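A.B. asks: any chance you could fold what I've pasted below:
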Amino acid sequence: MAEIEVNGGIVVYEFVGPDDGDVVVLTPGGRFSKDFPGVREFAVALAEGGKRVLMWDRPNCGASDIQLFGRSESHMRADTLAVMVDELVGGPVAAFGGSGGARDSIVFAIEYPHLVSSLALWSIVGGTFSTVSLAGVYSTAELRTVRAAGIEGILELEGKAGSWSDLVKVNPRNRERLLALGPLNFEEVMTRWFDAYIPKPNEAIPGVADWEFGGIDVPTLIIRGGENDHDHPKRTSFAVHCLIKGSRLIEPPWPEDAWEQAQLAMNRGEGSIFGPWLKAAPTLLDHLNRLVL
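C.D. replies: As a prediction, this is how the structure comes out:
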């Protein structure tokens, strides 16, 4: 595990796999860390296929510092990843991401096309139910809490997809970073980020206008959303496929209700919501190896 300072905050990361392997950035969803069950197993599977996998605790995830700036949280992370890739790799990488990580990867490819050689996306969030749900997961409680209890309330706030209180426990620096930010600045940023989760007719995914996808011009693999996956709708995967010229859409290597079943299993203390993703490793390796041939 290593650290790098980006935009005034520390980001924790590590590489898995051979030093001479093609670099793949693996980005999971939620505000979950690189050490959340299922993520490392996925990275190891890609590394065993000869790839050098960059695992990172995105800002506001795991042991990294809290960061609040930018048009949306995904845009903030794209800005962060760009500095990391430039300094640690020095050239374009394959960007792989699922759920919120798919959104982060898309924004990264749009904003920094010179740093992306290919994309692989799955479990893409979109549609009214999914997008509004994310507002509740990432912003609504934050806005209610900071308005009622200030930053002190945020320090104690818990959540389903990774909490601010957990970020403070794992990384004590985050307490001072939040206090220094103050309630007004926190509310301003969170209000701006909240807007990304207001469904709009010209946005297939939250916070990204459809026309922006025209800036993506790299080989892209999209795994179709599950038939019964309301958080990552089938329809959204088709929309993104239509928006990214030349992208390839494939059937999922997991059951149609894999996400729902994984959530139930995790609630029972069995497995992880990211567990099914491991089934995609052979397909993703094939996607990369095709580009080399």
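A.B. asks: can you give me the helices for the chain?
C.D. replies: Counting by DSSP state H, the chain has helices at residues 39-48, 73-88, 100-111, 128-135, 141-155, 164-170, 173-195, 234-243, 258-267, 281-292.
A.B. asks: do you know which of these lies nearest I10?
C.D. replies: helix 173-195 (7.4 Å; C-beta to C-beta). The C-beta positions use only the backbone N, C-alpha and C, and glycine is treated the same way.
A.B. asks: how big is the angle separating the closest one from helix 128-135?
C.D. replies: 150 degrees (axes from the mean of the first three to the mean of the last three C-alpha atoms, to 10 degrees).
A.B. asks: for helix 173-195, give the mean pLDDT please.
C.D. replies: Averaging pLDDT along helix 173-195 yields 97.
A.B. asks: where in the stretch 101-250 of the chain is pLDDT low?
C.D. replies: By pLDDT under 70, the low-scoring segments of the stretch 101-250 of the chain are 159-162.
A.B. asks: the helices of the chain: which one's closest to A120?
C.D. replies: Taking the helices of the chain one by one with C-beta to C-beta, helix 281-292 is closest: 5.2 Å.
A.B. asks: pull stretch 19-37 out as PDB, backbone CA atoms only.
C.D. replies: The C-alpha coordinates for stretch 19-37 follow below in PDB (Å, rounded to 0.1, in the frame of the first residue of the first chain):
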ATOM      1  CA  ASP A  19       5.500  -4.600 -13.200                       C
ATOM      2  CA  ASP A  20       5.500  -5.000 -16.900                       C
ATOM      3  CA  GLY A  21       1.800  -5.700 -17.300                       C
ATOM      4  CA  ASP A  22      -0.600  -3.400 -19.100                       C
ATOM      5  CA  VAL A  23      -2.100  -1.100 -16.400                       C
ATOM      6  CA  VAL A  24      -5.700  -1.500 -15.500                       C
ATOM      7  CA  VAL A  25      -7.400   0.900 -13.100                       C
ATOM      8  CA  LEU A  26     -10.100  -1.000 -11.200                       C
ATOM      9  CA  THR A  27     -12.800   1.200  -9.700                       C
ATOM     10  CA  PRO A  28     -15.700  -0.300  -7.600                       C
ATOM     11  CA  GLY A  29     -18.900   1.400  -6.600                       C
ATOM     12  CA  GLY A  30     -20.400   3.100  -3.600                       C
ATOM     13  CA  ARG A  31     -18.100   4.800  -1.200                       C
ATOM     14  CA  PHE A  32     -16.400   1.400  -0.600                       C
ATOM     15  CA  SER A  33     -12.700   1.000  -0.300                       C
ATOM     16  CA  LYS A  34     -10.300  -1.100  -2.400                       C
ATOM     17  CA  ASP A  35     -10.300  -3.600   0.500                       C
ATOM     18  CA  PHE A  36     -14.100  -4.100   0.500                       C
ATOM     19  CA  PRO A  37     -14.800  -7.900   0.000                       C
END
